[in-house]
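Novice: sequence? don't have it. structure:
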C-alpha cells in the first residue's frame, strides 16, 4: 500500500464476518434532491460547541434536540469520523455519487472548519477507514479494504499493523500503545499499538467500543446492551439497553453516551443505564 510500512500480522486465529453494510452509495437521482441521512456510520462531538455530529451515508449532520441539520453541501458517504480538536475533524468514506473527480475510497480526509469543507490528507484511493480514533496526537484506523489496523503520527505516513476482520477500535486515554478492537468473539487488546492482539477472556461479545476515560471503557453488543469496564477491559458491568441493534457508539466521558440505531440516536447521562431519544428518524 502506498505510504505504508508493513508490520507483523495478528496473533488471533479467528474467523470473523466483516461488516460491509452501507459501504456503497447509490445516486439519489436529481442532484437538487436531499436524500437525508441514510445509514448512520459514526458519531463525534465538536469540542468547540459540544454538538453531536453524525457521519452518515449521505453526508455530515449536526444533531440537537431541535433536529438534524446538514453540515456543508456535500452528500458524500462518511464511514469513519473522529474529532481532532475545536472544529477539527478527521474522516474517511466515499465521494458523493455526482463527484466523479475523486476515487471511490477517500482515504483520510480532514476538516478544520467544523465539517463545511474537506481536504484529502493521505491514502486517497487506497484505504477505507470504517473506524477512526484520534488520541495522543496519533491517528488510529481500521481499514476495511485490507482488514488492517493502521496508525499514523503525522496523518500522512502510516504503519500497518494486524490484519483481521474487525468492527471497531478504541484507544486507551492513558497509553498510546494500548488499542482495543472488537471481533466476532468480543474485544481484543493490543499493547504494541495494533501489531498484535489477544482476545479478552470472559468479555461480552461487543460490536462497538469507546474509551473516553481510564476508568470508563464503554461497549455495546449486537442486541444493543451496553457494558462498562472500569479496569480497561479486564471486567465488565452490564448497564442498560437501547433495545435495537447499534449502528454507532460515542462515549463522551462522565457517563455521557450516544448510540445510533435504525430508529435514530439515543443519549444517556448515566453510563448507559437509561436512554432518551436525541433524534428520531421519522422517514
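Specialist: Received, thanks. It should be emphasised that the depicted structure is a prediction, and the values quoted were computed from it without experimental measurement.
Novice: partner strands of the helix or strand containing residue 240, parallel or antiparallel?
Specialist: Using DSSP states H and E, the element containing residue 240 is strand 237-241. According to DSSP bridges, strand 237-241 forms sheet pairs with strand 225-229 (antiparallel).
Novice: any low-confidence regions in the stretch 151-283 of the chain?
Specialist: Across the stretch 151-283 of the chain, the ranges flagged by pLDDT under 70 are 283.
Novice: need the strands for it, in chain order.
Specialist: 158-163, 168-171, 179-183, 186-190, 198-199, 206-213, 216-221, 225-229, 237-241, 248-253, 256-261, 264-268, 276-280 (DSSP state E, counting those that start in this stretch).
Novice: so what's residue 149 bridging to?
Specialist: Beta-bridge partners recorded for residue 149 (DSSP bridges): residue 142.
Novice: How many neighbouring residues does it have?
Specialist: Counted with other CB atoms under 10 Å, residues neighbouring residue 149 total 28. Yep, even glycine has a C-beta here, placed from its N, CA and C like the rest.
Novice: which residues touch it?
Specialist: For residue 149, the contacting residues are 140-143, 160-163, 166, 169, 179, 181, 190, 194-195, by CB atoms under 8 Å, 6 or more residues apart in numbering.
Novice: Can you say which of those are buried?
Specialist: 140-143, 160-163, 166, 169, 179, 181, 190, 194-195 (16 or more other CB atoms under 10 Å).
Novice: sorry, back to before: which of the contacts of residue 149 lies closest to residue 70?
Specialist: Of all the contacts of residue 149, residue 141 has the smallest distance to residue 70: 24.9 Å, by CB to CB.
Novice: how close does the closest one get to residue 80?
Specialist: Separation of residue 141 from residue 80 (CB to CB, to the nearest Å) stands at 6 Å.
Novice: hey, what's in contact with both of those two?
Specialist: 92, 129, 131-132.
Novice: Whichever of those residues end up buried, select them in ChimeraX.
Specialist: Of the shared contacts of residue 141 and residue 80, the buried ones go into a single ChimeraX selection, burial set by 16+ other CB under 10 Å:
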select :92,129,131,132
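Novice: tell me the phi and psi of residue 90?
Specialist: phi -120, psi 150 (degrees, to the nearest 10).
Novice: helix or strand for the closest residue to it other than its chain neighbours, which one?
Specialist: Closest residue in space to residue 90, ignoring its immediate chain neighbours: residue 82 at 4.9 Å, by CB to CB, 6 or more residues apart in numbering. If you go by DSSP H and E, residue 82 is part of strand 77-85.
Novice: between that strand and strand 248-253, how big is the angle?
Specialist: Taking axes from the mean of the first three to the mean of the last three CA atoms, to 10 degrees, one finds that strand 77-85 is oriented at 10 degrees with respect to strand 248-253.
Novice: so what does strand 77-85 touch, helix or strand wise?
Specialist: strand 40-45, strand 52-56, strand 59-64, strand 88-94, strand 129-135, strand 138-143 (3 or more CB pairs under 8 Å, 6 or more residues apart in numbering; DSSP states H and E).
Novice: how much does the fifth one deviate in direction from strand 179-183?
Specialist: Read it as strand 129-135. Note on geometry: by the same axes, to 10 degrees, strand 129-135 and strand 179-183 are set 160 degrees apart in direction.
Novice: Partner strands of strand 129-135, with direction?
Specialist: strand 138-143 (antiparallel).
Novice: orientation of the partner strand relative to strand 158-163 in degrees?
Specialist: Using the same axes, to 10 degrees: strand 138-143 against strand 158-163 is 50 degrees.
Novice: Identify the residues contacting strand 138-143?
Specialist: Applying CB under 8 Å, 6+ apart, the contact partners of strand 138-143 are 80, 82, 90, 92, 108, 123, 127-134, 148-153, 155, 166, 168-169, 171, 176, 179, 181, 194.
Novice: same question for that strand, mean pLDDT?
Specialist: Strand 138-143 carries an average pLDDT of 98.
Novice: shaky segments in the stretch 1-150 of the chain?
Specialist: Those would be 1-35, if you go by pLDDT under 70 across the stretch 1-150 of the chain.
Novice: again, 90 this time
Specialist: 1-38, 64-67, 73-75, 96-101 (pLDDT under 90).
Novice: No further questions, thank you.
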